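**Student:** Sequence plus the predicted model coming up.
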Amino acid sequence: MGSAILVLSWPILVESFLQSLVGLTDTVFASGLSDAGAGTDAVGGAAYILWFIGLVVQAIGVGATALISRAVGGRSIGVANAAVGQTLLLALLAGVVVGVVIFLAAAPAAALLNLTPSASAAFRTYVMINAFGVPFSSILFSGIACARGAGESLRPLWSMVAVNTVNVLASWVLAGVDLTVARVEEGEIVRRTLLANPFPFDLGVSGIAWGTVLGHMVGAAIVIRMLARGTGGVRLKRSRLRPHWPTLHRLIRIGVPNFFETLGMWAGNFLVILIVGLMGGAGGGTVGAHFIAIRIEAFSFLPGFAFGAAAATLAGQYLGAGSPALAARAVWICTFGASLLMGLLGVVFVLFPHELTGLVSPQAVHLDLVPPLLVVTGFVQVPFAVSIVLRQALRGAGDVRAAMWITWAMTYGVRLPLVYLLSDVAIPLPQALGGGQIEHPIGWGWGLTGVWVALCVEILARAIAFLVRFSRGRWQQARV
């Protein structure tokens, strides 16, 4: 079992690291633009809109992983092959629809985020360009989910290496920014150029977005080729690309609760980013600071998602083989491993927040606002690991409805109320309701740090909820 967990998790860990590195470098590129504050706020705000893409792709992927892992565990390769074909068909159709929705939503979303005019224009450009790449990213990540369900994680890693290499290089070449590092010395910000950009394109935010699209196009082609050649005994066959309604129904039955789970989380976090936007007046850099802290913290997620993916696959395969005791044991081992590694990264956040921030952005507002956020989140990395792994394990076992209700309850019953109470923001009223604003009832003055304290308290509550659900063992009877 230990060997199986290691084989499944380490490629996903490296893959997730590379993916997080891409997101971080996009933020670094944005902070190096001539209008760095606008670029960082635009890319940061756009990340929440583009997260919507992941909701659909993840829902399809969860259904694919659960169905394929059960089929492989029960030695039903024909069922697994059917699931691969229907997953990619569904991913393509969903990618086209979501891409159109994202394109049309760019302008209204820019207005909601309370950005400066320059940041708003950059935001719309970044989102609209990324909308063209949605069908490719949908195929890419859904195909990777199929491979993971079959127990294959090494070749998806190499596909993501290619994706991330193209993404980073193309974004840097097209954006036209220099790579710099900053630190504070005797109260002054000292910047140093690490690598000057010799290319003439200077497309700014547009270049960063086109780099992402090109990377996902390459990745989609690689994943289709990988599945066509076969992985873990499972193959993509042309005959399986015709609609097969029983298989589609099973994929949708598992994926829909997961979609609504992540939709609820997405909507809640979008409301959080709206509150953060209100803190900075007309932008003010707080959106960028919030997003930079998330980008840095995202590296601590990596062990959680890697072990969580292993837990989801093994839970499905052991249940398919009729061994719920081994499924539970695998999940607990994955939870311990993720908690250990994420806890160590939490210590790094607490001890070196200023150094980490300086590696990402040379902007004074970021060097001031981000370090306290990293210290706060460093103290909850262990419960965060527990919630990530157990949530994915429930999904892999097919217990998606329980994961959905827990996520919704925590997001709207704990996260949002606490964020508002600790944010100190006044809520503006539309002119249709007479204008003006609702003053904050407490006003403790915690600002953005207060928002992160609220987020971390909710993470602790979420970990407890998932721990209780998993310990009761009802996920062992879930039907997929």
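**Tutor:** Received it, and whenever you're ready, just let me know what you need. Numbers count the residues shown, from 1 in each chain.

**Student:** Leu351: how many residues sit nearby?
**Tutor:** 12 (other C-beta atoms under 10 Å). Where C-beta positions appear, they are placed from N, C-alpha and C, glycine not excepted.

**Student:** try Ala111
**Tutor:** Using other C-beta under 10 Å, Ala111 has 11 neighbouring residues.

**Student:** got it, and Ala46?
**Tutor:** 30.

**Student:** swap in Pro117?
**Tutor:** 11.

**Student:** Over to Gly54?
**Tutor:** Gly54 has 16 nearby residues by other C-beta under 10 Å.

**Student:** What of Gly264?
**Tutor:** Counted with other C-beta under 10 Å, the neighbours of Gly264 add up to 19.

**Student:** And the next helix or strand past the helix or strand harbouring it?
**Tutor:** Gly264 belongs to helix 245-279 when assigned by DSSP states H and E. Next helix or strand after helix 245-279 toward the C-terminus (DSSP H and E): helix 286-320.

**Student:** Just give me how far the following helix or strand past that next one sits from the chain centre.
**Tutor:** Downstream of helix 286-320, the next assigned helix or strand under DSSP H and E is helix 324-351. Its chain's C-alpha centre and that of helix 324-351 lie 19 Å apart, by C-alpha atoms, centre = their mean, to the nearest Å.

**Student:** Check for me that Thr193 belongs to a strand.
**Tutor:** Yes: per DSSP: H, G, I helix; E, B strand; the rest coil, Thr193 lies within a strand segment.

**Student:** if we can go back for a sec, report the angle between the helix holding Gly264 and helix 286-320.
**Tutor:** Per axes from the mean of the first three to the mean of the last three C-alpha atoms, to 10 degrees, the angle that helix 245-279 makes with helix 286-320 is 150 degrees.

**Student:** So for helix 245-279, what gets flagged as buried?
**Tutor:** For helix 245-279, the neighbour count (16 or more other C-beta atoms under 10 Å) marks 247-248, 250-252, 254-255, 257-279 as buried.

**Student:** With stretch 309-324 instead?
**Tutor:** For stretch 309-324, burial by neighbour count (16+ other C-beta under 10 Å) applies to 309-320, 324.

**Student:** contacts for it?
**Tutor:** Contacting residues not belonging to stretch 309-324 are listed as 1, 4-5, 8-9, 12, 65-66, 69-74, 148-149, 151, 153, 326-327, 330-331, 334-335, 389-390, 392-393, 395-398, 473, 475-476, 480 [C-beta atoms under 8 Å, 6 or more residues apart in numbering].

**Student:** all helices for the stretch 1-150 of the chain, in order.
**Tutor:** Ranges of helices in the stretch 1-150 of the chain, per DSSP state H, counting those that start in this stretch, are 2-31, 36-73, 77-112, 117-131, 134-149.

**Student:** Okay, now the unreliable bits of the stretch 151-300 of the chain?
**Tutor:** Applying pLDDT under 70 to the stretch 151-300 of the chain flags the ranges 181-191, 280-284.

**Student:** go with 90
**Tutor:** 151-165, 167-168, 171-172, 175-205, 208, 212, 229-292, 294-300 (pLDDT under 90).

**Student:** So which bits of stretch 116-136 are buried?
**Tutor:** For stretch 116-136, the neighbour count (16+ other C-beta under 10 Å) marks 116, 119-136 as buried.

**Student:** circling back: please, a ChimeraX command that selects the buried ones among the contacts of stretch 309-324?
**Tutor:** Buried residues among these (16+ other C-beta under 10 Å), as a ChimeraX selection:
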select :4,5,8,9,12,65,66,69,70,71,72,73,148,149,151,153,326,327,330,331,334,335,389,390,392,393,395,396,397,398,475,476,480
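
**Student:** For Glu15, see how far away Gly2 is.
**Tutor:** Using C-beta to C-beta, to the nearest Å, Gly2 is found at 20 Å from Glu15.

**Student:** related to what we said a few turns ago, among the helices of the stretch 1-150 of the chain, which is nearest Leu429?
**Tutor:** Minimum separation from Leu429 across those (C-beta to C-beta) falls at helix 77-112, 14.8 Å.

**Student:** nearest residue to the spatially most central residue of the chain other than its sequence neighbours?
**Tutor:** For the chain, the residue nearest the mean C-alpha position is Trp51 (6.7 Å; C-alpha atoms, centre = their mean). With sequence-adjacent residues excluded and distances taken as C-beta to C-beta, 6 or more residues apart in numbering, Trp51 is closest to Trp266, at 5.7 Å.

**Student:** Name all residues that make contact with that neighbour.
**Tutor:** 48, 51-52, 55.

**Student:** Now restrict these to buried residues only.
**Tutor:** If you count burial by 16+ other C-beta under 10 Å, the buried members of the contacts of Trp266 come out as 48, 52, 55.

**Student:** hmm, back to that, higher neighbour count, Gly2 and Glu15?
**Tutor:** Glu15 (25 against 9).

**Student:** re the thing from before, Ser171: which of the buried ones among the contacts of Trp266 is nearest?
**Tutor:** For the buried ones among the contacts of Trp266, the closest approach to Ser171 (C-beta to C-beta) belongs to Tyr48, at 19.3 Å.

**Student:** how near is that closest one to Leu418?
**Tutor:** Separation of Tyr48 from Leu418 (C-beta to C-beta): 19 Å.

**Student:** got it, and Leu203?
**Tutor:** 40 Å.

**Student:** With His216 instead?
**Tutor:** Counting by C-beta to C-beta - His216 and Leu418 are separated by 36 Å.

**Student:** Just confirm Ala119 contacts Ala42, I think it does.
**Tutor:** Yes: under the criterion of C-beta atoms under 8 Å, Ala119 makes contact with Ala42 at 4.9 Å.

**Student:** where does His354 land on pLDDT?
**Tutor:** pLDDT for His354: 89.

**Student:** For it, which non-adjacent residue is spatially closest?
**Tutor:** Using C-beta to C-beta, 6+ apart, the closest residue to His354 is Pro371 (5.0 Å).

**Student:** Okay, and that neighbour sits in which element?
**Tutor:** Pro371 is part of helix 364-378, with elements assigned from DSSP H and E.

**Student:** So for His216 and Leu418, which residue has more residues nearby?
**Tutor:** Neighbours per residue (other C-beta under 10 Å) separate His216 from Leu418, with His216 holding more: 25 against 19.

**Student:** Now that one, what are its backbone angles?
**Tutor:** Backbone torsions of His216, given as degrees, to the nearest 10, read phi -70, psi -30.
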